[in-house]
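Engineer: A structural model of the following input is requested.
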Amino acid sequence: MVALAESMVGDHPARPVLVLSNDPTAGGLEKAAAMGIPTAAIDHRGFGKDRAAFEAALQAELEKARPDILCLAGFMRILTPEFIEGWAGRMLNIHPSLLPKYRGLHTHARALEAGDAEHGCTVHEVTAELDGGPILGQARVPVLPGDTPESLAARVLPMEHRLYPAVLRRFAAGDRRPVFLP
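Structural biologist: Prediction:
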């Protein structure tokens, strides 16, 4: 989130209008506020299993801010197809694997268990299919001998911070051609 917000300056075609979290203790809220970006938190735990009510609360906050594009970053809730449909073609996510490999969780451990020679991250459009939307960019890192899930994650993270801003800049300008970083 910080890398995205810091990139949206100068001639960038987008500006941050809200940082919204499902966790009121998320560190990104404090960082965003320090950057002068409005923040909101909708704690999903208060809604129990009522996903529709949780998403209605999210939608109400989004309607106030009126974003053109939603950039998910660390938002670890699966959104319903109905919510996603309302933002179709305007919602991006970053995922720590080279999709379509390793959708879902524990991607670094899964890449190591599979003996992959490379790993990385993907920015994609969000669709109702989990981590299955059109790929808008990927960045790769080698898997090194002795890697652990933690060491691999530590090498992927800087690539996420380069890739997501590059994809957002292109996407916000109306260009959906994928960005590929080595």
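
Engineer: Report the buried residues of the longest helix belonging to the chain.
Structural biologist: When the chain is parsed with DSSP state H, its longest helix is helix 149-172. The neighbour-count check on helix 149-172 (16 or more other Cβ atoms under 10 Å) flags 152-153, 155-156, 159-172 as buried. Where C-beta positions appear, they are placed from N, C-alpha and C, glycine not excepted.

Engineer: got it, and stretch 86-105?
Structural biologist: For stretch 86-105, by 16+ other Cβ under 10 Å, it's 87, 91-99, 101-102.

Engineer: Please produce a markdown table containing the residues you listed, extended by distance to residue 121 and pLDDT.
Structural biologist: Putting these into a markdown table (distance: Cβ to Cβ, whole Å; pLDDT from 0 to 100) gives the following:
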| residue | distance to residue 121 | pLDDT |
| --- | --- | --- |
| 87 | 21 | 97 |
| 91 | 17 | 98 |
| 92 | 13 | 98 |
| 93 | 11 | 97 |
| 94 | 6 | 97 |
| 95 | 7 | 97 |
| 96 | 5 | 97 |
| 97 | 7 | 98 |
| 98 | 8 | 98 |
| 99 | 9 | 98 |
| 101 | 11 | 97 |
| 102 | 11 | 98 |
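
Engineer: Out of these, list just those in strands.
Structural biologist: Those of the buried residues of stretch 86-105 mapping onto strands are 91-95, per DSSP state E.
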